[in-house]
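Trainee: Provided below are the primary sequence and the corresponding predicted coordinates.
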Amino acid sequence: MTDQREIKQFRLGAKRKRYAPPSSVTERYKTACKIRSSQRWRNLRALYLTKQPVCQDCADAAACEVHHIEGVSAHPELAFEWENLRALCIPCHEKRHQRRK
Ligand SMILES: [Zn+2]
Ligand SMILES: [Zn+2]
């Protein structure tokens with residue numbers, strides 16, 4: 001199951017209170033959430049965008065998002081790896097996540 005789908009089902013479940021995700025999924029989602037909201041990630045993200053100010057996919061727009069090539073919930077150990085990051089503009093970032101579905 002892809003990250004996106006897990007997250008979607010997780011959100012859906014929260015709304016309907018019917019779908020209970022397996023605890024391993026919940027834990028992974030929590031870990032990813034913790035990483036994304038951490039000061040360490042915010043610092044790295046800001047640093048990455050100063051080094052990569054242009055979108056790495058279209059090279060035509062200012063990058064304002066940092067994407068994880070290997071998703072954080074599936075690979076939390078790669079969350080802070082420079083090689084696992086990609087600076088993207090918003091449309092390119094959306095495209096990347098749509099492609100994963
Ligand atoms: Zn772009
Ligand atoms: Zn992303």
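Mentor: Happy to help now that I have it. Residues are numbered from 1 along each chain as shown. Ligands and ions are numbered 1, 2, ... in the order given.
Trainee: tell me which parts of the chain are close to ligand 1?
Mentor: 55, 57-58, 61, 89, 92 (CB under 5 Å from the ion). (Glycine included, C-beta is placed from N, CA and C.)
Trainee: Widest-spaced pair of those residues?
Mentor: Longest distance between any two of the residues of the chain next to ligand 1 is 9.1 Å, between Asp57 and Ala61; criterion CB to CB.
Trainee: more crowded one of these two?
Mentor: Taking other CB atoms under 10 Å, Asp57 and Ala61 do not tie; Asp57 has more neighbours (18 against 14).
Trainee: Would you list the phi and psi of that one?
Mentor: phi -90, psi -50 (degrees, to the nearest 10).
Trainee: residues in contact with it?
Mentor: Neighbouring residues of Asp57 by CB atoms under 8 Å, 6 or more residues apart in numbering: 86, 88-89, 92, 95-96.
Trainee: all helices of this protein, in order?
Mentor: 3-16, 23-37, 39-51, 90-100 (DSSP state H).
Trainee: Now tabulate these in TSV and tack on mean pLDDT and mean neighbour count.
Mentor: Shown next, in TSV, are these (pLDDT from 0 to 100; neighbours: other CB atoms under 10 Å):
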stretch	mean pLDDT	mean neighbour count
helix 3-16	67	14
helix 23-37	92	14
helix 39-51	98	12
helix 90-100	90	13
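Trainee: and the contacts of Asp57, which two are the farthest apart?
Mentor: Greatest spacing in the contacts of Asp57, by CB to CB: Arg86 and Lys95 (11.9 Å).
Trainee: ok so, going back, of all the contacts of Asp57, which comes closest to Glu27?
Mentor: Arg96 (24.8 Å).
Trainee: Mutual contacts of Asp57 and Ala61, please.
Mentor: Joint contacts of Asp57 and Ala61 (CB under 8 Å, 6+ apart) are 89, 92.
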